[in-house]
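>>> for reference, the sequence and a predicted model appear below.
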Amino acid sequence: MIRTNLSTRPFYNERAAHVVIGLAAVLVLALTALNVVRLVTLSRHNTELSSRIDREKAETQNLTHQAAEIRKTINKEELDSVVAAAQEANSLIDQRTFSWTAFFNRIEATLPPDVMLTSVRPSFKKGETIVTMVVLGRQVPDVDEFIEKLEATGAFNHTLPSQQDQTDQGLYRVVIDTKYEPSEAEDEPAKPSSEEPATAAAEPSATPTPPPAETGKPSQPPQAAPAAPKKGGERGGRR
């Protein structure tokens with residue numbers, strides 16, 4: 001028996017080739033379907049975003065138009081007066097919370113003997129208290145000592161001289177700007193002194209006071225009780 005393959009073409013396994021081709025076709029179809037679904041989803045999402053953008057633009061234009069109409073009806077002078085009144089009210093509130101007693105107590109404790117405070121001007125900006133002081137000193141080192149002592153208290157920060165000149169008397173006039181940041185416990189306003197006299201006046205009322213003497217009647221010492229009659233008198237009476 002002759003076992004030699006005399007065919008001119010090699011033998012192929014067509015079934016396996018068909019299976020591979022079929023699997024590749026299924027895979028291609030699955031990927032194509034997935035891409036189509038994803039494309040449709042993205043297109044729909046893009047359409048929704050475009051619609052939302054259009055609505056937002058329309059609403060923005062509407063609000064801009066309404067704001068322009070409202071601005072036309074506002075009187076600028078009245079608005080400026082309202083803003084000025086609000087700023088003045090805020091300034092008054094800030095000044096109410098500013099304790100002058102605690103401030104001058106710190107100044108008195110830190111002021112050197114050769115330095116004199118001539119003016120103080122507090123200002124309130126964005127919740128911060130800026131104090132501008134004008135001092136007179138015999139020498140510049142005396143003013144520097146005052147600034148160092150202010151910084152050492154912890155209630156004054158960023159203390160810097162902004163202007164300096166010399167008076168006709170030979171004194172150095174220095175303008176000092178500082179940020180005043182006292183602690184809440186130290187900056188509590190003192191209680192009015194009117195409460196102390198009321199308390200002092202209430203204490204003596206506990207001691208009873210004698211009734212006043214009647215007017216028009218002179219005060220007389222109390223009369224003594226009549227003395228008992230003597231024995232001799234009794235005898236005489238019996239006679």
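Done, it's in.
>>> give me the mean pLDDT for the longest helix along the chain.
Longest helix in the chain, counting residues (DSSP state H): helix 14-73. Mean pLDDT, helix 14-73: 89.
>>> over to stretch 169-185?
Per-residue pLDDT over stretch 169-185 has a mean of 84.
>>> can I get it in PDB? Just the C-alpha atoms.
Backbone C-alpha positions of stretch 169-185 (Å, rounded to 0.1, in the frame of the first residue of the first chain) are rendered in PDB as follows:
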ATOM      1  CA  GLN A 169       9.900 123.700  71.200                       C
ATOM      2  CA  GLY A 170      12.400 121.000  70.100                       C
ATOM      3  CA  LEU A 171      10.100 118.100  70.800                       C
ATOM      4  CA  TYR A 172       9.700 115.200  68.400                       C
ATOM      5  CA  ARG A 173       6.100 114.700  67.100                       C
ATOM      6  CA  VAL A 174       5.500 111.100  65.900                       C
ATOM      7  CA  VAL A 175       2.300 109.700  64.400                       C
ATOM      8  CA  ILE A 176       1.900 106.000  65.300                       C
ATOM      9  CA  ASP A 177      -0.400 103.600  63.600                       C
ATOM     10  CA  THR A 178      -1.200 100.300  65.300                       C
ATOM     11  CA  LYS A 179      -3.700  97.500  65.200                       C
ATOM     12  CA  TYR A 180      -5.500  97.200  68.500                       C
ATOM     13  CA  GLU A 181      -6.500  93.600  69.300                       C
ATOM     14  CA  PRO A 182      -7.500  93.300  73.000                       C
ATOM     15  CA  SER A 183      -8.800  90.100  74.500                       C
ATOM     16  CA  GLU A 184     -12.500  89.900  75.200                       C
ATOM     17  CA  ALA A 185     -12.100  89.400  78.900                       C
END
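>>> how about it: buried residues?
Going by neighbour count (16 or more other Cβ atoms under 10 Å), the buried part of stretch 169-185 is 171, 172, 174, 175, 176, 178, 180, 182. In this view, the C-beta of every residue, glycine as well, is placed from N, C-alpha and C.
>>> for the closest residue to the first one other than its chain neighbours, the count of nearby residues, please.
Of all residues not flanking residue 171 in the chain, residue 136 sits nearest, at 4.6 Å (Cβ to Cβ, 6 or more residues apart in numbering). Summarising burial for residue 136: neighbours were counted as other Cβ atoms under 10 Å, giving 17.
>>> settle this for me: residue 136 is touching residue 175, isn't it.
No. Contact criterion Cβ atoms under 8 Å: residue 136 and residue 175 do not qualify, at 11.1 Å.
>>> returning to that earlier point: enumerate every residue touching the residue nearest to residue 171.
115, 116, 118, 167, 171, 172, 173, 174 (Cβ atoms under 8 Å, 6 or more residues apart in numbering).
>>> after the one helix or strand it maps to, which helix or strand is next? Please name it.
Assigned by DSSP states H and E, residue 136 belongs to strand 128-137. Next along the chain after strand 128-137, taking DSSP H and E as the criterion, comes helix 140-153.
>>> quick one, that following helix and strand 128-137 angle?
Per axes from the mean of the first three to the mean of the last three Cα atoms, to 10 degrees, the angle that helix 140-153 makes with strand 128-137 is 150 degrees.
>>> contacts for the very next helix or strand once past helix 140-153, please.
With elements assigned by DSSP H and E, the helix or strand that comes after helix 140-153 is strand 156-166. By Cβ under 8 Å, 6+ apart, the surrounding residues in contact with strand 156-166 are 106, 131-132, 140, 143, 147, 150-151, 172-181.
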